[in-house]
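K.L.:
give me a model of this one.
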Amino acid sequence: MYLWERADWPDLTWSAQTLIGPLAHARQRQGHLLGRMAQLGFELQGAARVQAVAEEAVKSSAIEGETLDLDSVRSSVARRLGVKLAGLSHPVDQKTEGVVEMVLDATLNFAKPLTAERLFGWQAALFPGGFSGIHRIAIGELRDDREGPMQVVSGQVGKERVHFEAPPAKRLNAELKRFLKWFAAPNTDGLLHAGLAHLWFVTLHPFDDGNGRVARAVTDLALARDERQAARFYSLSSQIRVERKAYYLELERAQRGPTDVTPWLSWFVSCFTRAIDSAEHVLKDVLARNELATRAARAVLNERQKMMVAKLLAGLDGKLTAKRWAAMTKASVDSAQRDLKGLVELKLLVQNPGGSKNTSYALGTRSKDVSVRGE
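P.N.:
Numbering: from 1, shown residues only. Below is the predicted model:
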């Protein structure tokens, strides 16, 4: 029996006694992060927001096997938020714009009511061409189940395993109305409300495709309402992506279990706490890069050095060597080596372990987590 088939659905219950400890810890970590962000200047907050929102868009898509280019997403987010970041001028396709539009609408417009039309718009934005892969799907409307019941399936053809079967399409209109009415009037802690909303929506699975991503946008909206602010400095989807196996396992257990969803909420609150802790590393990254950018702006650099430092700050893929520097700046290898040596002396770059002809360099930030990506 699935969760939605139970006689007491959708009256979800939980043990407040079990959750009080994890919830208090989550709130403490959340308050600490928001307090630190409030102390930063406008520019640093903007950079942190761009990174967090971009991570949310990219990782929420990655959970479903969709790959988005992080630099393109960051460009789209920065433009929409009016944040100027060095080196961000990457082309953005319609699909990326749609994902970013949904993620930002969920947080920037958290005070607006969540309606069926808004959900339809989010799902349609994920599939601008009306296709999921090579398959045409219904967009901007509820699924109709004309090809059979909506199921979450894994495994090879002929050996499929059904993890979950959603309510039949004929029930969706009434079910969605009931969900939206409940969502509009929270009667519990905001973080628990977000966890319940996520489980409830993904259990309905109201669309042909995009249900997981829309569910996470609904969760973001609930979290933004709880925090009463549009700025987001952490990415829950990034942490869910890290814990993807556990995420699906906990969802399946909840959707096949009773209406007492304490185990799901316990996992959700703990995952949220880990997302907050991960955001601390992002904050260190932002602060370290800003400190380096400030020092670079004050230093006397030639045009090649200015250009390359900007590219590094924006996120340069792969190892940076003298040979690569020379190719990118159209200079000789000798000139590249002098440029690199000068930046090392200014502590804007550091030499990576190793040496000989394959010597490579990374940003000279104080954070051990910040370097040339992909090395």
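K.L.:
could you use CA atoms for every contact and neighbour count after this?
P.N.:
Will do.
K.L.:
now the residue of the chain most remote from its centre: how far from Gly354?
P.N.:
Within the chain, the residue lying farthest from the chain centre (Cα atoms, centre = their mean) is Asp334, at 42.1 Å. Going from Asp334 to Gly354 by Cα to Cα, to the nearest Å gives 20 Å.
K.L.:
what does Ala57 give?
P.N.:
From Ala57 to Gly354 the distance is 36 Å (Cα to Cα).
K.L.:
so these two - more neighbours on which side?
P.N.:
Ala57 (29 against 9; other Cα atoms under 10 Å).
K.L.:
pretty sure that one is in a helix, no?
P.N.:
Yes: the assignment for Ala57 (DSSP: H, G, I helix; E, B strand; the rest coil) places it in a helix.
K.L.:
state the distance from it to Glu97.
P.N.:
10 Å.
K.L.:
and if you look at Leu191?
P.N.:
For Leu191, the distance to Glu97 - Cα to Cα - is 28 Å.
K.L.:
with neighbour numbers in mind, choose between these two.
P.N.:
Neighbours per residue, other Cα under 10 Å: of Leu191 and Glu97, the larger number sits with Leu191, 23 against 19.
K.L.:
tell me the spatial nearest neighbour of that one, not counting adjacent residues.
P.N.:
Leu223 (6.6 Å; Cα to Cα, 6 or more residues apart in numbering).
K.L.:
the one you found - how many residues pack around it?
P.N.:
Count around Leu223 with other Cα under 10 Å applied: 24.
K.L.:
for it, give me the pLDDT.
P.N.:
Confidence at Leu223, expressed as pLDDT, is 97.
K.L.:
go on, Gly315?
P.N.:
69.
K.L.:
could we number from 565 for the rest of this?
P.N.:
Sure, I'll start counting at 565 from here, so that last one is Gly879.
K.L.:
just checking, Ser899 touches Ala891?
P.N.:
No: taking contacts as Cα atoms under 8 Å, Ser899 lies outside contact range of Ala891: 11.1 Å.
K.L.:
so these two - more neighbours on which side?
P.N.:
Ser899 (16 against 13).
K.L.:
list the contacts of the residue positioned nearest the centre of the chain.
P.N.:
Nearest to the mean C-alpha position of the chain, by Cα atoms, centre = their mean, lies Glu620 at 1.3 Å. By Cα atoms under 8 Å, 6 or more residues apart in numbering, the contact set of Glu620 is 667, 799-802.
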